[in-house]
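here you go, sequence then predicted model.
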Amino acid sequence: MVIGLLILNILVGLFIYKTTSLDLLSSLFAAVPGGMADMSIISSEMGADTSMVAVFQLARLISVISIFPTLIKQVQKRMVYNNSDQSDIASTIELNIDKKNCNYSSKNKEIILTLMIAIIFGVIGKITKIPAGTMIFSLIGVAGLKIYSNKGYIYPIIKQGAQVVAGAFIGSSITIEVVYSLQSFIIPIISMIIAYTIICGLIGFIISKWFDIDIITAMFCCTPAGASDMALIASELGANGADIALLQVTRLVSVIVIFPSVIRVIVSLQ
């Protein structure tokens, strides 16, 4: 899945580069199948056109959430598969949140520890000069904390605050010139959406055949959107939500850790 999406990212990015006025770095980041905020922040750190990256990422995200579930539902009508292993992801998430909030005092300490680990590893990542090193090392540090000690928690309001800051950062890069220039990017954006729709469906089909995963679950795993969004939508259609959440998180982590370094190498060869 990751290899297929990486190849697709490179091909679509090169197409955008050849058909628009965007530089190669911005074109490649515009086609990365990651989160809009993540890619905008990382692309800005590496010197890309953040505003145009955000526009392409937003268009892809909206199209994926709008198109993919509908297409997969059509496939579902034509396929017979075993849906007895469904996972109630929504209930599990709510249950975990309830448990997390039972002891505010211990959670406050856990939040402080989480933020300290994130800051320390983020600084280390910044020093290494690795592309997106700040985010990558923070992610690795907190993930390691959670895996080995089962500690690592952030209140939802902090996550919402981070989203507000990220939104402000992206919004401040969009100027009236960017809005006026959008008409010249309509065809590349539509082409990107078509490419992701066809190729991600093909990757899902290959995964289903090679690894004995039902086609609906495999297609949802390859859908380039948010992990929680796809897991919840998939559960409604009878797919294995737990598997989808796992592979979606793997995709997102791989995108943050691997893709920026690959993009830097490609740009350096220009």
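Structure received.

OK, contacts around Ala59?
Residues near Ala59 by Cβ atoms under 8 Å, 6 or more residues apart in numbering: Ile189, Met192, Ile193. Where C-beta positions appear, they are placed from N, C-alpha and C, glycine not excepted.

same deal with Asn150?
With Cβ under 8 Å, 6+ apart, Asn150 has no contacts at all.

let's have the contacts of Ala59 in JSON lines, adding pLDDT, secondary structure and neighbour count.
Below are the contacts of Ala59 laid out as JSON lines (pLDDT from 0 to 100; DSSP: H, G, I helix; E, B strand; the rest coil; neighbours: other Cβ atoms under 10 Å):
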{"residue": "Ile189", "pLDDT": "88", "secondary structure": "helix", "neighbour count": "19"}
{"residue": "Met192", "pLDDT": "90", "secondary structure": "helix", "neighbour count": "22"}
{"residue": "Ile193", "pLDDT": "88", "secondary structure": "helix", "neighbour count": "19"}
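
nearest to Gly133 among the residues you listed?
Met192 (27.3 Å; Cβ to Cβ).

check contacts around that closest one.
Contacts of Met192 by Cβ under 8 Å, 6+ apart are Val12, Phe15, Ile16, Ala30, Ala31, Phe56, Ala59, Arg60.

any chance of a markdown table for the residues you listed, columns secondary structure, pLDDT and distance to Lys77?
Output for the contacts of Met192, formatted as a markdown table (DSSP: H, G, I helix; E, B strand; the rest coil; pLDDT from 0 to 100; distance: Cβ to Cβ, whole Å):
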| residue | secondary structure | pLDDT | distance to Lys77 |
| --- | --- | --- | --- |
| Val12 | helix | 92 | 29 |
| Phe15 | helix | 93 | 33 |
| Ile16 | helix | 92 | 34 |
| Ala30 | helix | 90 | 34 |
| Ala31 | coil | 90 | 31 |
| Phe56 | helix | 88 | 32 |
| Ala59 | helix | 84 | 28 |
| Arg60 | helix | 84 | 26 |
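
let me know how buried Leu252 is, in neighbour terms.
19 (other Cβ atoms under 10 Å).

helix/strand/coil for it?
helix (DSSP: H, G, I helix; E, B strand; the rest coil).

thought it was touching Gly34?
Yes. Leu252 lies in contact with Gly34 (Cβ atoms under 8 Å); the separation is 6.4 Å.
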